[in-house]
Each structure stands twice: as structure tokens, then as C-alpha cells.
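S.K.: no sequence on this one, just coordinates:
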């Protein structure tokens, strides 16, 4: 099960090195996750109103090649595994098929008080191929 | 002469008030300007390689209503006036026709040393209706 | 009545033009306002827990000269006027006394539902010289 | 060999979950690295003018507890190892001694064309205890 998400690099994403600032890749892959989660039927606003928040627990990322202003990029996301407590994804940022950035991301669900709780059923149910 | 640009509000855009952080509207309208400028045939990367940079000289903005996570927004940009030295735009951020944010933005062109210079001809030529 | 706030320009603040990205000046002056408001005895976290949010209603900004990586900058903030409903500030970003950016900022207080409400008394009381 | 860097959490750093947005921790630890590198005598602006850029090659991060508005945080950075080609750091974000975030970061130096090159001597020389 996988998901594709396209976006463009804007001026705000760049730094004085002339390339995309390294922290911004985490924004890009989060846009893709939020889009995917919404498509799976999960309403993050409603969840938060009910006191459930998604949180990134861990990330392992590699920066392979830089992106630049105007690049049309694609985030390709794949489910690695999911349990009631953890959703582990592999996410890549690609440009015309070339992998620029790769990350393994572990997502958990937390209550308002910050306690771990069960992930929404949609993430597990739909993520079975 | 006007331009429309659609985008979505992501988690990165929000703040702890639960709405879009006020500085991020300047990112949104810049995405719209860059897209418009590219469609007018101006290659910002080539210009910069040649030592010409766009810079915002002034902005007058009003915040009318907040945007929230998941909102599909539209930047509507209109040329107010343009001279060889200045490009003045009116830009609005709208949600389903409701105006959330409005700005009058003055753009100039600068050399690498920061001296004012002539704006690219495309901006003036194409901006004559 | 005025307030000074020092900060440094980091890589995250720059863009591919080699200077500070224009939206980030709004972050800088907000850091100064939050620091000032806290020093006046206003606890933003407690206010929000009680359903009161500060919001920028309008901003008029001029960009006079660029800031660069490593610059030690100062935000100089002055109260222009304040009523129960509006707090109007003049804020400048300076480098060694040179003004790089200037803004007139109108702040309002809103309820959770987005209705205008009275500003905290500390802002008005303390802002009388 | 280690380095400490203090900073405060501002509104811009938060998201609608009421805590610091996950990508912003990468900004925080980069501020600490830049400050450290400058203290070691490395002038990033001069290096870039000479065509050498630092780049993050890999990062392994864990998010242990959230930071909130107004928190006074500290980045504690330690050299793990350094070779002519790679500088590997362990960096933690702490609040009053509690570790909120931890990262192992691999830094490389690149030419303007994106080819790996030798790291500045100061990073290796000074990093021998």
C-alpha cells in the first residue's frame, strides 16, 4: 500500500546554499502523510477535538541529492508496518524518479496529556493490502 | 490582469492558536507571485544567476479571518501598477470566495550589490492588459 | 514606552537570495512582542487556556536593507497607542543602529470563537508611561 | 568535546497540537551547530564564497517529550567522530536537564557542484580533545 503526493519547491523552502533547507523535507513528508491520512478517512481536526494527536516518535533520514527552486517533487510513501500503537512508514522525496531524500518515520497517537493511545482504526484497517 | 493560485493548509502552517500563523500568509502570496512570474516567462533562477533579485520593498496587509488545517485556499493576485522600477500588486487569500487576508505588495528588482535596477521586461510587457 | 530584543540570524532564516527571507521578519518582531508581553506580566499560555488569543489585525511594513547569516539584530518596539480593543506598535529591526525593517502592527484580542474582546489590562496599564 | 546552546520557544515554533512542530527541532540543532562551528573559527559565509557548503547527509532522531511556548531549552552537542569527510554529532534538546529530543547527525562538506570535499581543518583539529 502506497501513496503519492506532488508539490513544488518555492522560495520559502530554499536557504542561502541555493537549495532546499534540510528541515523542510520533514514538512514535505508531513504534507504527504496528512493527505494520505485524510484519504483513508481520518479527520485530524475531529481527532484533535476529541483529544487524540498524531506525533512523530522517530525518524531516520538520508539526504541524497539537493532540491532547488521550482522543482516539481513527489513524496512516495509506503506502509512498513502498523500495530495498534505504531505506524511505520517509508517515505521518499523524488524528482523525476530520482530519490533525493529518504526517511523511515514512526508515528504514534497520543492523548492530550501526552500518553500513548491506540491509532485510529482506519490506519490499520486500510493499510492491509 | 490577474492570477489565481490554489493551495492547501498543512500542519506546518498552523500555530498553537489552532489557526494559520500570521507570517505564513506572506509565504502563500509569494508562492502565487513566483508561479505567476514563471507563467509570464520570467526564470528567477536564470535572473539570479545573472545577478538580478526580486525583493519586497513594502507590504500593507490586513488579516480578516483565520484559515485552518485542511482549508483549500486561493491567492487572487492583481496588478495595481508597474513601472520599470516597481511592481505593485494586490493579493488576497480567499476560502470559497471569502477574503481572509489582503495585501498590497511592492516589488523591486535589485542587483547582487543591492542596488535598484529595472524589472524584467516580461513583467511590464505582459502586465499591460 | 519601548522594548528591545536581540537575536541572531541563522541558516533557517535565509533564502537562496543569500539574505533573510521576507516573511521571517514577521517572526522576529513576534518574538519581540511575546517577550515584551511576558515582561509586562501577561501569560499567553494562561490566556489561551482561558480562551483569549492575540491576533495581528494589520501590518504595514517596509524592507529597507537586507539582513544576512550571523547578523546580530535588535527589534526595537514602541507603543503607538492602545485602546481596550487595539494595541498599535511600531517595531524596527536594526543592525548596529541601522534600520533594516520597519512595521506598524495592530494587535487585537479574540475569543476562541474569533470575536473581538478586551485586551489584557496589563497591556494598557503598563503601557501608560 | 561538547557545546551548549540556549534558546527560547516562540509562537512560530508551535503547531495546532499546542507543542513545537517536529521539523523545527532540526532548526534548533542547526542553530547550535552553526554557533559551535563559528566558535571553532569557521566562517560559513567565507567558506560559501569560496564554494564550500556544509550539508546534512543523514539524521537519526527520536522525539521523547514535547516542548511548549516559552520553554527555555538547551541544545547539548557532542562530537561522536570526525574524519576528513564526515563530522558525526550527537545532539540533544533538553529542558531543565530533561531530554526532549535526541539526534545523531552526519555532516559532510560539498563543493558548489555538489561533490564531497574535505571538511574545514578547524572542525577536525579543534575536535580532538
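M.R.: Received, thanks. Model, not experiment: these values are computed from the prediction.
S.K.: Mind checking the pLDDT average for the host helix or strand of residue A:46?
M.R.: Element membership of residue A:46 [criterion: DSSP states H and E] is helix A:44-49. Average pLDDT, helix A:44-49: 90.
S.K.: Tell me if it is near chain C.
M.R.: No - on the criterion C-beta under 8 Å from any C-beta of the partner chain, helix A:44-49 is out of touch with chain C, staying 12.1 Å away. To be clear about C-beta, it is placed using only N, CA and C from the backbone, and glycine gets the same treatment.
S.K.: elements contacting that helix?
M.R.: Other helices and strands packing on helix A:44-49, by 3 or more C-beta pairs under 8 Å, 6 or more residues apart in numbering or on different chains; DSSP states H and E, are helix A:24-39, strand A:52-63.
S.K.: near chain C, which residues of chain A show up?
M.R.: With C-beta under 8 Å from any C-beta as the criterion, chain A comes near chain C at residues A:11-12, A:14-19, A:21, A:23, A:69.
S.K.: among these, which ones are buried?
M.R.: Neighbour counting by 16 or more other C-beta atoms under 10 Å in any protein chain shown classes A:11-12, A:14-19, A:21, A:23, A:69 among the residues of chain A next to chain C as buried.
S.K.: what residues are up against the residue sitting furthest away from the middle of chain A?
M.R.: The centre of chain A is farthest from one residue, residue A:16, which by C-alpha atoms, centre = their mean lies 25.4 Å away. By C-beta atoms under 8 Å, 6 or more residues apart in numbering or on different chains, the contact set of residue A:16 is C:11, C:14-19, C:69, D:48.
S.K.: swap in residue A:3?
M.R.: A:32, A:35-36, A:39, A:75-78.
S.K.: same deal with residue A:44?
M.R.: The neighbourhood of residue A:44, defined by C-beta under 8 Å, 6+ apart, consists of A:34, A:37-38, A:54, B:11, B:69-70.
S.K.: Compare these and tell me which has the most neighbours.
M.R.: Neighbour counts for the contacts of residue A:44 peak at residue A:54, which has 24 neighbours (criterion: other C-beta atoms under 10 Å in any protein chain shown).
S.K.: Test my guess that it contacts residue A:109.
M.R.: Yes - taking C-beta atoms under 8 Å as the definition, residue A:54 is a contact partner of residue A:109 at 6.0 Å.
S.K.: who in chain A is up against chain D?
M.R.: Proximity of chain A to chain D (C-beta under 8 Å from any C-beta) is limited to residues A:16-17, A:22-24, A:26-27, A:30, A:48, A:53, A:55-63, A:65-66, A:114.
S.K.: Give the buried subset of those residues as a PyMOL selection command.
M.R.: The PyMOL selection below is limited to those of these classed as buried (16+ other C-beta under 10 Å):
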select buried, chain A and resi 16+17+22+23+24+26+27+30+48+53+55+56+57+58+59+60+61+62+63+66
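S.K.: now the end-to-end length of stretch A:73-92.
M.R.: The first residue of stretch A:73-92 is 10 Å away from its last residue (C-alpha to C-alpha, to the nearest Å).
S.K.: circling back to that earlier point, possible to save the buried ones among the residues of chain A next to chain C as JSON lines with pLDDT and secondary structure?
M.R.: As requested, those are exported to JSON lines (pLDDT from 0 to 100; DSSP: H, G, I helix; E, B strand; the rest coil):
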{"residue": "A:11", "pLDDT": "96", "secondary structure": "helix"}
{"residue": "A:12", "pLDDT": "98", "secondary structure": "helix"}
{"residue": "A:14", "pLDDT": "97", "secondary structure": "strand"}
{"residue": "A:15", "pLDDT": "96", "secondary structure": "coil"}
{"residue": "A:16", "pLDDT": "93", "secondary structure": "coil"}
{"residue": "A:17", "pLDDT": "90", "secondary structure": "coil"}
{"residue": "A:18", "pLDDT": "90", "secondary structure": "coil"}
{"residue": "A:19", "pLDDT": "94", "secondary structure": "coil"}
{"residue": "A:21", "pLDDT": "98", "secondary structure": "coil"}
{"residue": "A:23", "pLDDT": "98", "secondary structure": "coil"}
{"residue": "A:69", "pLDDT": "94", "secondary structure": "coil"}
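S.K.: ok so, going back, just give me how far the helix holding residue A:46 sits from the chain centre.
M.R.: Relative to its chain's centre, helix A:44-49 lies at 18 Å (C-alpha atoms, centre = their mean, to the nearest Å).
S.K.: and what of stretch A:55-68?
M.R.: With C-alpha atoms, centre = their mean as the basis, stretch A:55-68 stands 10 Å off its chain's centre.
S.K.: What is the lengthiest strand in chain A packed up against?
M.R.: In chain A, taking DSSP state E as the definition, the longest strand is strand A:98-111. Contacts defined by 3+ C-beta pairs under 8 Å, 6+ apart place strand A:98-111 against helix A:24-39, strand A:52-63, strand A:86-95, strand A:116-117.
S.K.: Would you mind saying which of these lies nearest residue C:5?
M.R.: Closest approach to residue C:5 among the helices and strands packed on strand A:98-111 is made by helix A:24-39 (26.0 Å; C-beta to C-beta).
S.K.: what angle separates the closest one from strand A:86-95?
M.R.: Calculated by axes from the mean of the first three to the mean of the last three C-alpha atoms, to 10 degrees, helix A:24-39 forms an angle of 120 degrees with strand A:86-95.
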